[in-house]
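Colleague: This is a predicted model, with the sequence first.
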Number of protein chains: 2
Amino acid sequence: MKNPKRFLHNPIKLSPPQFLALLFLFLIFIGTCLLKLPVAHEESISWIDAFFIATSAATVTGLASVDPGSTFTLFGEIVILFLIQVGGLGVMSFASLVVIMMGRKISVKQRVLMQEALNQPSIGGVIRLVRNLFVFSISIQLITTFFLSIRFVPELGVYKGIYYSVFHVISAYNNAGFSLWSDGLTGYVGDPMVNIIISFLFITGGIGFTVLVDIWVSRRWKTLSLHTKVMLISTLIINVVSILLFYLFEFNNPKTLGMLSGAEQFWASYFQGVSPRTAGFNSIDMTSITPDTSLLMVLLMFVGAGSTSTGGGIKLTTFVVILFAVGAFLKGKENPVIMKRTIRVAIVYRALAISTISLLFIFAALFILNYVQKDTSFMVIVFEVVSAFGTVGLSMGLTADLTIIGKIVICVVMVFGKIGPLTLAFSLAKQSKENIRYPDGEVFTG
Amino acid sequence: MKNPKRFLHNPIKLSPPQFLALLFLFLIFIGTCLLKLPVAHEESISWIDAFFIATSAATVTGLASVDPGSTFTLFGEIVILFLIQVGGLGVMSFASLVVIMMGRKISVKQRVLMQEALNQPSIGGVIRLVRNLFVFSISIQLITTFFLSIRFVPELGVYKGIYYSVFHVISAYNNAGFSLWSDGLTGYVGDPMVNIIISFLFITGGIGFTVLVDIWVSRRWKTLSLHTKVMLISTLIINVVSILLFYLFEFNNPKTLGMLSGAEQFWASYFQGVSPRTAGFNSIDMTSITPDTSLLMVLLMFVGAGSTSTGGGIKLTTFVVILFAVGAFLKGKENPVIMKRTIRVAIVYRALAISTISLLFIFAALFILNYVQKDTSFMVIVFEVVSAFGTVGLSMGLTADLTIIGKIVICVVMVFGKIGPLTLAFSLAKQSKENIRYPDGEVFTG
Ligand SMILES: [K+]
Ligand SMILES: [K+]
């Protein structure tokens, strides 16, 4: 795709990422209006809160300036679910699916857009991929809803039990982190079934569609793509490390793990170790965690989930590529090598660009929030901003205290976190031919 | 220099950076013992505090767990000055100068060591460079001591006035930031002469010896090296931006700029905008700055001064190279181009490695300090750690409250900040020939 703009025959000449961003803003606008309808809420809600919740749902973040469970009616909650499903499965893939179901052939223009949304290096197979992903996603959601109902129906009754199962399955699969309980999943901290189902869903949704498709098609380790192998191994490593560190930082904290039994401590460590990279559910009170756990979670939230997933952050592979580039430099090698495959310079530069621009964006948000949120601890602000960037949704309590400017800033960060790294990764990475090759220059660093 | 080890005929086969690190540790050890002598201090001082002050002086950081002015005798203060001068002008350059002055020829082995310490790409001219730097440094220090004495002698008397001038000139030129006043330079916040002389010294010492030599030799803009041009322009830009932001964040803070006159506000903004990148002097109370100023200073302290300077941080050019690499990626160019010179991939990877490893090191320190310094604000801890890494010496007040483990961690960070980026930049950047070129692999990021 040397010049995707040639395929866009829209009058205002939007580039694919601009089109994607516009669709997202449109989704948020629709969501805001629907949530502001009297039929959507039981308690009155301001425009800024409707906008905030709509943005949080569409970007599958899960930060909530009002308690969703007690504020919204069934209609309002279904609007939120709709925003989550559309935002999570991807504005682009969803739009293309609607096209497919309507029996119309997908146009080249739409394929280009989807290619960006789905993070696929070539157009070929995109349509099939999207159809597979949709069928797969809905199947997973139906099956897990059934199992979660077995847990919730006896406790909450048939209607409420099934509804709560549907809501939390959609929220978990799309890594949204919204919960109908005002204290999240803290009531189920030691419940194996809830822990397993919810974490299975957000890990599946967060590892990336290409990985899932690859596993489905390849089935054997040897034939898996490099990306899939890297994702599987690094997900395993970062999750194990996070679980152990969470336990280490919290086991003698009387407000969190300290008050739990052995089995509950296991499940809580497992859940809170795996969740922060983008899911955003909590089974532990986030306002009581130790400073080290806060710092750990900030790092995990920044790194985020997999490419082509429902999650956010700079992405786990971006982080891995940077670590391998540093490792290659330390070993005096010219290029990083992962599993006997050379990582091209362009990929390293892309990872550097995504990380650096994300950091600059986060720091800009920190400066504004530091200014408008007086007397708020710096860690609480950092936690909130990085949570928004990683579309995670965990909070140390600032969300409810945000000023109007604070809410707008967090909304901008959520939208950037959702589409920024993706846009950077695929719309701007097109190499232009340079006519002039300038002579090398020496700059000392370090 | 394919294999510098061949030139090292020491029995334990130390690599040049290991040798440099060992010399540094030896300097700190000597300093600790001297400061612990009864003749060195007026009030009793613990071993850990003697170690802390020696490390802070040798790494030209300026963090002080005890007040230097009231704790140490004249002898103790001269030990500190000695550590600052040796650590600032560089263990290696100083050692070679001693050799030159003793009339002995410099050996190839020592030249290799100096090459690393002085960040020079070739051995040629190293001896001349070091001699020039020594003559230049002492001349600058003598001249500015004279001018500063004009200011201090009428106020403090002849003896004390000259001594205070000598101390603060050496401290400023070496970017050490140590002051004999317990409140730093806050007593001279609006004094033009003190502001100009001190800032002239730390800017000169902080811009890098190669830049100074280049200006001295070239004299015309056109013939300056790329590195010199980049340093001059980026130093100007980052200083102007820092001064404006400091004023913006503090002008209505009644505890800092708010209580000062217009002229004092100008000098304070100028001084505190320029100082944080490594000098570490303060003319404003650091415990009263706004959260945004703290954040700004953390960023400036991380970036730091110039390569081959008396300062620390990842270095300004490292930061510039990363920004240009990101800019090149956004423009779809293959390599960053600065002033019609291509920046090689190896330089970008080196900048990436220095930044990433520094960040990992800082985060490791944050985790430990978060744990051992109970009930301390996260910003105060971040400020302290980054100040130590950048060998800056500004503190929001934590230094005096550090536990023993906290002091040890900060000492390790100071030593890493002083020799880490330098070592990374020049000992590990030697490209090894790879026999196998693995096929390219695709990893999705973002
Ligand atoms: K989320
Ligand atoms: K300093």
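Modeller: It's in. Numbering: from 1, shown residues only, chains lettered A, B, ... in the order given. Ligands and ions are numbered 1, 2, ... in the order given.

Colleague: mean confidence score for stretch A:77-85?
Modeller: Stretch A:77-85 comes out with an average pLDDT of 92.

Colleague: Please export the alpha-carbon coordinates of that stretch; CSV is fine.
Modeller: The C-alpha trace of stretch A:77-85 is given here as CSV (Å, rounded to 0.1, in the frame of the first residue of the first chain):
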residue,chain,number,x,y,z
GLU,A,77,-26.5,-0.2,30.7
ILE,A,78,-27.3,-1.8,27.4
VAL,A,79,-26.0,1.4,25.7
ILE,A,80,-22.8,0.9,27.6
LEU,A,81,-22.6,-2.7,26.6
PHE,A,82,-23.2,-1.7,23.0
LEU,A,83,-20.4,0.9,23.1
ILE,A,84,-18.1,-1.7,24.7
GLN,A,85,-18.8,-4.3,22.1
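
Colleague: secondary structure element for whichever residue of the stretch 251-400 of chain A sits closest to ligand 1?
Modeller: Closest approach between the stretch 251-400 of chain A and ligand 1, counting by CB to the ion: residue A:280, at 3.4 Å. The C-beta positions use only the backbone N, C-alpha and C, and glycine is treated the same way. Using DSSP states H and E, residue A:280 maps to neither a helix nor a strand.

Colleague: what does residue A:137 give?
Modeller: Assigned by DSSP H and E, residue A:137 falls in helix A:126-156.

Colleague: how about that helix against chain B, any contact?
Modeller: No. Helix A:126-156 stays clear of chain B (CB under 8 Å from any CB of the partner chain), getting no nearer than 13.3 Å.

Colleague: Show me which residues of that helix are buried.
Modeller: A:126-127, A:129-130, A:132-134, A:137, A:140-141, A:144-145, A:148-149, A:151-153 (16 or more other CB atoms under 10 Å in any protein chain shown).

Colleague: Give the next helix or strand downstream of that helix.
Modeller: helix A:158-173.

Colleague: For that next one, which outside residues touch it?
Modeller: Outside helix A:158-173, the residues that touch it by CB atoms under 8 Å, 6 or more residues apart in numbering or on different chains are A:62, A:77, A:81, A:84-85, A:88, A:137, A:140-141, A:144-145, A:148-149, A:151-156, A:176-180, A:197-198, A:201-202, A:204-205, A:279, A:281, A:310.

Colleague: excluding its backbone neighbours, what's nearest residue A:270?
Modeller: Excluding its sequence neighbours, the residue lying closest to residue A:270 (CB to CB, 6 or more residues apart in numbering or on different chains) is residue A:243, at 5.6 Å.

Colleague: how far away is that neighbour from residue A:304?
Modeller: 17 Å (CB to CB, to the nearest Å).

Colleague: if you count what's nearby, which of these two comes out ahead?
Modeller: Per other CB atoms under 10 Å in any protein chain shown, whichever of residue A:243 and residue A:304 has more neighbours is residue A:304, with 30 against 18.

Colleague: which ones are touching residue A:399?
Modeller: Counting by CB under 8 Å, 6+ apart, residue A:399 touches A:63-65, A:384, A:410.

Colleague: Next, the distance between the ends of stretch A:59-78.
Modeller: 16 Å (CA to CA, to the nearest Å).

Colleague: hmm, which helix or strand of chain A has the shakiest average pLDDT?
Modeller: Ranked by mean pLDDT, DSSP states H and E, the weakest helix or strand in chain A is helix A:91-101, scoring a mean of 45.

Colleague: what about residue A:303, how many neighbours?
Modeller: When neighbours are defined as other CB under 10 Å, residue A:303 has 23 of them.

Colleague: What sits closest to it if chain neighbours are left out?
Modeller: For residue A:303, the closest residue by CB to CB, 6+ apart turns out to be residue A:319, at 4.7 Å.

Colleague: Also residue A:322?
Modeller: The nearest residue in space to residue A:322 (CB to CB, 6+ apart) is residue A:351, at 5.2 Å.

Colleague: Now name the helix or strand holding that neighbour.
Modeller: Counting by DSSP H and E, residue A:351 is part of helix A:345-372.

Colleague: can you pull the contacts of the spatially most central residue of chain A?
Modeller: Centroid-nearest residue in chain A, with CA atoms, centre = their mean: residue A:311, separated by 2.1 Å. By CB under 8 Å, 6+ apart, the contact list for residue A:311 reads A:60, A:175, A:202, A:205-206, A:277-279, A:304-305, A:390-391.

Colleague: Please identify which pair of those lies farthest apart.
Modeller: A:205 and A:390 (14.3 Å; CB to CB).

Colleague: Neighbour count for those two, which is higher?
Modeller: More neighbours surround residue A:390 than the other of residue A:205 and residue A:390, with 34 against 28 (other CB under 10 Å).

Colleague: in terms of contact, does the more buried one touch residue A:277 like I think?
Modeller: Yes. Using CB atoms under 8 Å, residue A:390 is in contact with residue A:277, at 7.2 Å.

Colleague: which stretches of the stretch 1-150 of chain A form helices?
Modeller: If DSSP state H, counting those that start in this stretch is used as the criterion, the helices of the stretch 1-150 of chain A fall at A:16-36, A:47-58, A:68-71, A:74-89, A:91-101, A:108-118, A:126-156.

Colleague: How about the residues of chain A by ligand 2?
Modeller: Counting by CB under 5 Å from the ion, chain A comes close to ligand 2 at no residue.

Colleague: What residues does chain A have near ligand 1?
Modeller: A:62, A:175, A:177, A:280, A:392-393.

Colleague: Which one of the residues you listed is nearest to ligand 2?
Modeller: The closest of those, once distances to ligand 2 are taken by CB to the ion, is residue A:392, at 37.1 Å.

Colleague: what number of residues lie near that closest one?
Modeller: 35.

Colleague: shouldn't it be in contact with residue A:286?
Modeller: No. In this structure, residue A:392 is not within contact of residue A:286 by CB under 8 Å, at 10.9 Å.

Colleague: still on that earlier bit, now the helix or strand hosting the residue nearest to residue A:270 and helix B:345-372, what's the angle there?
Modeller: Here residue A:243 sits within helix A:226-250, counting by DSSP H and E. Helix A:226-250 and helix B:345-372 are oriented at 20 degrees to each other (axes from the mean of the first three to the mean of the last three CA atoms, to 10 degrees).

Colleague: which outside residues touch the next helix-or-strand element following helix A:226-250?
Modeller: Next helix or strand after helix A:226-250 toward the C-terminus (DSSP H and E): helix A:262-274. Contacts to helix A:262-274, defined as CB under 8 Å, 6+ apart, come from residues A:185, A:189-192, A:195, A:198-199, A:202-203, A:239, A:242-247, A:250-251, A:256-257, A:260, A:281-284.
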